[in-house]
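Peer 1: need a 3D model of the following:
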Amino acid sequence: MSLTSTSYEDNIDSTEDTDGVTVHNSSQQVERDKLPHQEPPWNRYTHWQYGHLPQHQPRTLIHQTALAQLQAHANSDLNVELGGVLLGHAYQHNGQLFTEVLAALPATSEDNGPVHFTFTGDAWSQIHQDKAAYYPKLAIVGWFHTHPDLGVFYSNDDVVVHSAAFVLPWHVGIVIDPCRQDMGLFGWHNETIIPLDGCYELGDQQAEPSLPWQFVATQVWGPMTTITDWVPTYQPEQLGLLLPPWLVPLTVMSIIVMLFMIILNQNSRVNQLESLTVALATQQQTLASNQDCALSQLQIIFPLAGQTLIGNQTETVMATMQYPGAARYQLELSAEPDGPWQLIDSVRRPAELRAIGQWATQNYSAGNYWLRLTAVDSNGEPLPIFPPTPAGTTQLQVPKDIAHCTIPVKLGP
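Peer 2: Predicted coordinates:
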């Protein structure tokens with residue numbers, strides 16, 4: 001453990017780090033530019049530095065209060081992985097990005113076990129309720145989870161969770177091994193999830209350092225790129241030279257089973273990412289009280305309502321399209337909330353999560369726009385939404401709206 005009580009400029013390393021996984025987020029720089037400018041609280045708290053701090057990496061400042069909460073939750077069950085979210089503030093100072101963690105909020109998730117943890121839709125809803133009740137002025141700035149006696153690293157599943165739920169450039173991830181007493185930190189750099197090489201502890205509780213774990217160097221286990229990364233590439237005639245003839249069919253069958261298991265595992269991770277993304281996006285729409293996306297069967301998943309997109313590039317619009325009776329789903333664009341609407345694309349096949357079209361933003365000027373997803377019949381007419389029929393009556397109901405989801409987005413320069 002490298003520990004110093006020193007100034008921010010000390011022990012800064014200018015070397016670049018590339019040991020990470022590039023995932024996504026074309027609008028990270030736009031979001032970073034929105035952050036307020038303020039000085040870190042060096043003068044308010046005694047602080048200690050752990051590890052070294054390359055110039056290009058964001059700075060993570062963790063209050064002792066948050067460390068105590070992390071330790072209590074991490075030690076509460078050493079048989080399964082536990083997790084939650086980090087709460088605090090993000091800001092910039094002299095061109096440097098800062099993430100200040102003031103609290104750690106545990107999550108109650110049914111999707112965890114000895115070697116995995118992720119957030120369910122119910123867990124995410126409970127997190128927002130607890131945050132509103134106990135920390136209404138703090139923002140979610142990252143997440144944490146434990147690896148009991150497994151060591152500190154970012155697994156493929158951890159990359160899935162981070163890239164789906166914690167996409168802002170100041171979002172960080174903490175991994176704790178409460179058995180080995182180790183801790184690691186992960187975050188974004190150039191749209192890539194990388195291990196962060198250091199952090200600060202802020203003494204808001206006492207004048208002595210209280211970090212209960214050793215800060216260790218670690219790594220990100222990236223997603224498998226091809227099946228050949230995992231399976232030996234022998235030609236059939238080579239197998240005959242390497243193995244006895246009676247063993248060749250058994251070996252070929254073993255390789256087929258291995259291929260099947262790898263594909264099944266990859267599909268499982270894709271399904272996990274899809275379910276998590278849909279749950280988070282639906283939660284975002286609910287929090288925004290977006291009445292124009294009230295149907296769970298029709299949701300624009302990406303971009304989120306109110307999100308700022310970078311201009312001069314093509315954005316893929318993702319959606320949930322499962323409305324009963326729909327023959328087709330249409331994606332439309334307008335510079336006004338009530339139209340006129342320009343058709344971007346349409347699809348026939350329903351899906352919980354899939355691309356419905358691509359918006360070539362380079363053909364549009366910066367400003368405010370609205371995206372609308374509509375369920376239509378075989379004639380291209382929008383399907384109506386009828387109010388519930390009162391019990392005991394056959395009275396024909398008047399449609400109250402059309403089946404659609406409309407969100408505002410902002411196009412940056």
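Peer 1: all helices of the stretch 151-300 of the chain, in order?
Peer 2: 156-165, 236-242, 248-287 (DSSP state H, counting those that start in this stretch).
Peer 1: count of neighbours near Q96?
Peer 2: Neighbourhood size, Q96 [other CB atoms under 10 Å]: 16. For glycine as for every other residue, the C-beta is placed from the backbone atoms N, C-alpha and C.
Peer 1: for it, name its beta-bridge partners.
Peer 2: Here Q96 sits in beta bridges with H93, going by DSSP bridges.
Peer 1: model confidence for C179, exactly?
Peer 2: We have a pLDDT of 94 for C179.
Peer 1: now do T286
Peer 2: 47.
Peer 1: cool, V409 as well?
Peer 2: For V409, the pLDDT comes out at 89.
Peer 1: please name the bridge partners of it.
Peer 2: Counting by DSSP bridges, the residues bridging with V409 are Y369.
Peer 1: where does the stretch 251-400 of the chain dip in pLDDT?
Peer 2: 251-291, 386-400 (pLDDT under 70).
Peer 1: show me where it has its strands.
Peer 2: Applying DSSP state E, counting those that start in this stretch to the stretch 251-400 of the chain gives strands spanning 298-302, 308-309, 314-321, 328-334, 342-347, 351-360, 367-376, 384-385.
Peer 1: strands paired with the last one, and their directions?
Peer 2: When sheet partners are counted by DSSP bridges, strand 384-385 sits next to strand 401-402 (antiparallel).
Peer 1: could you pull up the mean pLDDT of the partner strand?
Peer 2: The pLDDT scores in strand 401-402 average 81.
Peer 1: what does stretch 94-109 give?
Peer 2: Here the average pLDDT along stretch 94-109 is 92.
Peer 1: using PDB, list the CA coordinates for it.
Peer 2: Extracted C-alpha coordinates of stretch 94-109, given in PDB (Å, rounded to 0.1, in the frame of the first residue of the first chain):
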ATOM      1  CA  ASN A  94      -7.700  23.100 -13.900                       C
ATOM      2  CA  GLY A  95      -8.700  20.600 -16.600                       C
ATOM      3  CA  GLN A  96      -8.800  17.600 -14.200                       C
ATOM      4  CA  LEU A  97     -11.900  15.500 -13.600                       C
ATOM      5  CA  PHE A  98     -12.700  14.800  -9.900                       C
ATOM      6  CA  THR A  99     -15.100  12.300  -8.400                       C
ATOM      7  CA  GLU A 100     -15.800  12.900  -4.700                       C
ATOM      8  CA  VAL A 101     -17.500   9.900  -2.900                       C
ATOM      9  CA  LEU A 102     -19.300  11.000   0.300                       C
ATOM     10  CA  ALA A 103     -21.500   7.900   0.900                       C
ATOM     11  CA  ALA A 104     -22.000   4.200  -0.100                       C
ATOM     12  CA  LEU A 105     -25.600   3.000  -0.400                       C
ATOM     13  CA  PRO A 106     -26.000  -0.900  -0.300                       C
ATOM     14  CA  ALA A 107     -28.200  -2.600  -2.900                       C
ATOM     15  CA  THR A 108     -30.500  -5.500  -2.200                       C
ATOM     16  CA  SER A 109     -30.200  -7.700  -5.300                       C
END
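Peer 1: and that stretch, which residues are buried?
Peer 2: 96-107, 109 (16 or more other CB atoms under 10 Å).
Peer 1: now swap in stretch 53-66 and tell me
Peer 2: Counting neighbours by 16+ other CB under 10 Å, stretch 53-66 gives 53-54, 57-66 as buried.
Peer 1: chain center to that stretch, what's the gap?
Peer 2: Remark: stretch 53-66 is offset 20 Å from the chain centroid, using CA atoms, centre = their mean, to the nearest Å.
Peer 1: what's the answer for stretch 69-80, then?
Peer 2: Here stretch 69-80 is found 23 Å from its chain centre; the criterion is CA atoms, centre = their mean.
Peer 1: okay, now the closest residue to Q307 other than its chain neighbours: neighbour count?
Peer 2: Nearest residue to Q307, sequence neighbours excluded (CB to CB, 6 or more residues apart in numbering): V409, at 5.7 Å. The tally of other residues near V409 (other CB under 10 Å) stands at 21.
Peer 1: tell me the spacing between V409 and V376.
Peer 2: V409 sits 22 Å away from V376, going by CB to CB, to the nearest Å.
Peer 1: check contacts around the residue nearest to Q307.
Peer 2: V409 sits next to 303, 305-309, 368-371 when contact means CB atoms under 8 Å, 6 or more residues apart in numbering.
Peer 1: go on, Q330?
Peer 2: With contacts defined as CB under 8 Å, 6+ apart, the neighbours of Q330 are 343, 345-346, 373-374, 376, 380.
Peer 1: just the buried members of the residues you listed?
Peer 2: Among the contacts of Q330, the ones that count as buried (16+ other CB under 10 Å) are 373-374, 376.
Peer 1: could you export these as a markdown table, including distance to T146?
Peer 2: Shown next, in a markdown table, are those (distance: CB to CB, whole Å):
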| residue | distance to T146 |
| --- | --- |
| L373 | 39 |
| T374 | 44 |
| V376 | 48 |
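Peer 1: now, which of these sits nearest V220?
Peer 2: L373 (34.3 Å; CB to CB).
Peer 1: excluding covalently adjacent residues, which one is nearest to that closest one?
Peer 2: Spatial nearest neighbour of L373, excluding adjacent residues (CB to CB, 6+ apart): C405 at 4.5 Å.
Peer 1: tell me if that neighbour really is in a strand.
Peer 2: Yes: the assignment for C405 by DSSP: H, G, I helix; E, B strand; the rest coil puts it in a strand.
Peer 1: contacting residues for it?
Peer 2: 292-293, 295, 298-300, 319, 372-373.
Peer 1: so G84 sits against I140, correct?
Peer 2: No: the criterion here is CB atoms under 8 Å, and G84 misses it with I140 at 10.3 Å.
Peer 1: the two: who's more crowded?
Peer 2: In this view G84 and I140 are compared by other CB under 10 Å, and G84 has more residues nearby, 26 against 18.
Peer 1: which secondary structure state does the more buried one sit in?
Peer 2: Taking three-state DSSP as the rule, one finds G84 in the strand state.
Peer 1: which of the buried residues of stretch 53-66 lies closest to P212?
Peer 2: Proximity of these to P212 (CB to CB) peaks at Q64, which lies at 10.3 Å.
Peer 1: from L87, how far out is that closest one?
Peer 2: Between Q64 and L87 the distance is 15 Å, computed by CB to CB.
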